[in-house]
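K.L.:
3D, please:
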Amino acid sequence: MMEAMRSLLDPKAVAVVGASQRRGRGTNVVANLRDCGFAGEIFAVNPRYPDVLGYQCFPTVSDLPASVDCLVVAVAADAACDILEEAHARGIPAAIVLAAGFGEGGHGHARAARLRSLADRGMCICGPNCFGLISVKAGFAAYSGPLARPLRAGPVAIVSQSGGLGANVFAPLMTDRELGFSHFVSCGNQIGATVEDYIEYFIDDPDITVVAAVVEELKNPQKLIRLAAKANARRKSLLLFQAGRSAAGRIMVQSHTGALAGNAEILAAFLRRCGIVQVERYDEFVETVELFAIAPRDKTVGSELVVISGSGGGAAIAADALHDAGASLASLHPTTKERIASVLPEFGSITNPIDGTGAIYDDPELLPKIVDAILTDPARPVIAASVAAKPAGNETMRRFARTFADAARASGRTVVAYQYTPLGGPLDSEIVKTLHDAQVPLLLGISNAMGALKHLPLRRDYWMRAAATTEAPEQPGSRLESGRGGDPSRWDFLTARQALVASGVPVVDAALAHSEDEAVALLRRFNTAVAVKAEAPGLLHKSDLGCVRLGCVDEQAVRDAYAAVVRNARNAGFEGGVLIQPMIKGVAEAYAGIIDDPLFGPAICFGLGGVFVEILDDTVTEMAPLTRDGALAMIHHIKGAPLLEGARGRDRADVEALAALLVALGRFAIANRGRFRALDLNPIIVGKSGVVAVDIAIEPIMADAADVIANAAE
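P.N.:
Below is the predicted model:
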């Protein structure tokens, strides 16, 4: 695969099918190959012309010289498949397919299958439905869009399913901020080479330190786990932006609690587990690429920031932006504050963010003194300092840039410059060069800048984790067994309870009654108030259907409850028995569930229980398995955590026992991957000592999801 990828990304000879002497995508590719200075051979394929833009033109692919190792197909989808099959027979190992019409919008599935067959037989295909690719490093631009100039070689590679979104990272950063790139790949539908394949190629390139991806879907997440570990071990930055995170694109999990975690939440949890930085906002993603590319990789980065502004209002909005981004302002040491106060005018502010006042514009010595004072702080926070790089030619801003650059060089500290707004004219090239030469990134837009900065310590943490991690073997969990020959639609509460309890998940005792007399006998056996619940395959949302009666304390209450829940279940189309469970008291209710994603694997979802989980939409999702610390972090992450921790005089819940339940549930999820689509425990009664789940709902796996799991396993 890697050899074919080299033919795609660094070919010796390229041919463009569909190029002509008129304007068009194929002709654009030939022109871009010429203009980027491609050193290899360039040919065109078109029976109507002897040459295109001065390059020799051949009637068919079969007539091409044997040296051609990459083919750009710039013709309509109907013709593309025949041409690609001819190229494969000719021995051409790589191709770029620009046309759409290979399954988008529900059309062209047969054409997509033909391309997939070629890929399965070893042809390395970029696309279809793409702009093509640019290898700045190789001087190769098999690209049908406008070519940004000048092309600057550097350590950043970007792969994007959306050609437009990728281009709007690549071109402005390379031209306006003079950032160097090694590659830009518009991979489109990724029928052939996938996002993961490009990432693998880039990580293995010693000259690439930042790999950025814009994705709509991943094809091989399990491969991405290995790639992320390799990238972090080599201290390379791997960051990702997902397009289409809205509810319209979510996987709806129709289990007991409804849609709690869709594909966006599971992807985010998966990326955290891998150690891949995910950026949720596109503009912030652009700034994070600049930040990771320029900020030094070999310096210790603190988790807190100190911000320098020349405006009180600017300092205030910087604080707001940091708060919104979830980044932390540093608490400066008292001695540091004293040093800052000794140089600031009396109307200045030494509170972080620091307002240097308008005096820093008038007094050339004031800003360096403020920066020097901050550099003495023992906590060594990251310094974020405002500068206006638009419009060009502002000598005061050039002086600011020199101050920040000098501080970064002399101190060995991480310094970042930011501009309040991305609006304005061209960037001042002198400011950009001054900052970049000292490894000081220039970020545009206060919200985007502060959002990007929150990822800097995260990158450090992933690198440190990669250096220190020795993965512990997964602890086994009990496998859920069905009494119906493995048919997941027949799993019942008691079968699930047995396996969960064996895995260490506490679930309330229960027994099944098939008559009122049996229900009364169970009341006597439990010797306490009981819950009466209809039980039948596929019966979810029991309370909504009137299939639950709680707190039944005597024989008549149990008989009445039994008759009511059986009648209501039958009216809803369900036949089965009735569960009898002892009532459990606690100080709070929690929810925990498993979503078994066919691509990413089992994820654990947690939130407050009962109706709160649906109404408040306050849940957190992490991939299984979980550690104790990871489970505790989930519990403390939700907004409702204070309700479990004794807020406003409430009894404190047993959070440690709740964390142990989540860890055990994670083990169970791993042991039973592929056995169900979702499993919910709701509510979980959390006491002052101990926890117990009182309801289990299982959604069976769908046939198409089973196929995905089987393919992923292969």
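
K.L.:
neighbouring contacts of the strand or helix carrying residue 112?
P.N.:
Element membership for residue 112, per DSSP states H and E: helix 109-120. Helix 109-120 has contacts (Cβ atoms under 8 Å, 6 or more residues apart in numbering) with 77-78, 80-81, 84-85, 88, 97, 101-103, 125, 128, 189, 191-193. Where C-beta positions appear, they are placed from N, C-alpha and C, glycine not excepted.

K.L.:
narrow those to those in strands?
P.N.:
Among these, the ones falling in strands (DSSP state E) are 97, 125.

K.L.:
buried ones among the contacts of helix 109-120?
P.N.:
Neighbour counting with 16 or more other Cβ atoms under 10 Å marks 77, 80-81, 84-85, 88, 97, 101-103, 125, 128, 189, 191-193 as buried within the contacts of helix 109-120.

K.L.:
next step: these restricted to helices.
P.N.:
Cross-referencing those against helices under DSSP state H gives 77, 80-81, 84-85, 88.

K.L.:
and these, which is closest to residue 269?
P.N.:
Nearest to residue 269, judged by Cβ to Cβ, of these is residue 77 at 36.7 Å.

K.L.:
correct me, but that closest one touches residue 98?
P.N.:
No. Look at residue 77 against residue 98 with Cβ atoms under 8 Å: they stay out of range, at 9.8 Å.

K.L.:
list residues touching both of those two?
P.N.:
Contacts common to residue 77 and residue 98, judged by Cβ under 8 Å, 6+ apart, are residue 128.

K.L.:
what's across from the closest residue in space to residue 565 that isn't next to it in sequence in the sheet?
P.N.:
With sequence-adjacent residues excluded and distances taken as Cβ to Cβ, 6 or more residues apart in numbering, residue 565 is closest to residue 534, at 4.2 Å. The partner list for residue 534 in beta bridges (DSSP bridges) reads residue 578.

K.L.:
check residue 534 and give its pLDDT.
P.N.:
Predicted confidence (pLDDT) for residue 534: 95.

K.L.:
which positions within the host helix or strand of residue 402 qualify as buried?
P.N.:
For residue 402, the host element (DSSP H and E) is helix 395-411. Judged by neighbour count using 16+ other Cβ under 10 Å, the buried positions of helix 395-411 are 397-408, 411.

K.L.:
and stretch 304-322, by the same measure?
P.N.:
304-311, 314-315, 317-319, 321-322.

K.L.:
next: stretch 640-655.
P.N.:
For stretch 640-655, a neighbour-count test (16+ other Cβ under 10 Å) marks 640-641, 643-644, 653-655 as buried.

K.L.:
do stretch 323-333 as well
P.N.:
Those would be 325, 327-330, 332, for stretch 323-333 by 16+ other Cβ under 10 Å.

K.L.:
and residue 59, how far from residue 700?
P.N.:
Relative to residue 700, residue 59 is positioned 57 Å away (criterion: Cβ to Cβ, to the nearest Å).

K.L.:
between the two, which has more neighbouring residues?
P.N.:
residue 700 (17 against 13; other Cβ atoms under 10 Å).

K.L.:
correct me, but that one touches residue 678?
P.N.:
No. Using Cβ under 8 Å, residue 700 is not in contact with residue 678, being 9.2 Å away.

K.L.:
so the residue nearest to residue 565 is in contact with residue 567, correct?
P.N.:
No. Using Cβ under 8 Å, residue 534 is not in contact with residue 567; the gap is 9.3 Å.

K.L.:
per-residue pLDDT, residue 250?
P.N.:
39.

K.L.:
same question, residue 484
P.N.:
37.

K.L.:
can you get me a residue count around residue 365?
P.N.:
Counted with other Cβ under 10 Å, residue 365 comes out at 9.

K.L.:
the one 4 residues further on too?
P.N.:
Neighbour count of residue 369, defined by other Cβ under 10 Å: 18.

K.L.:
check contacts around it.
P.N.:
Counting by Cβ under 8 Å, 6+ apart, residue 369 has contacts residue 343.

K.L.:
what about it, distance to residue 626?
P.N.:
Distance from residue 369 to residue 626, by Cβ to Cβ: 49 Å.

K.L.:
residue 668 sits in which helix or strand?
P.N.:
Using DSSP H and E, residue 668 sits within helix 655-671.
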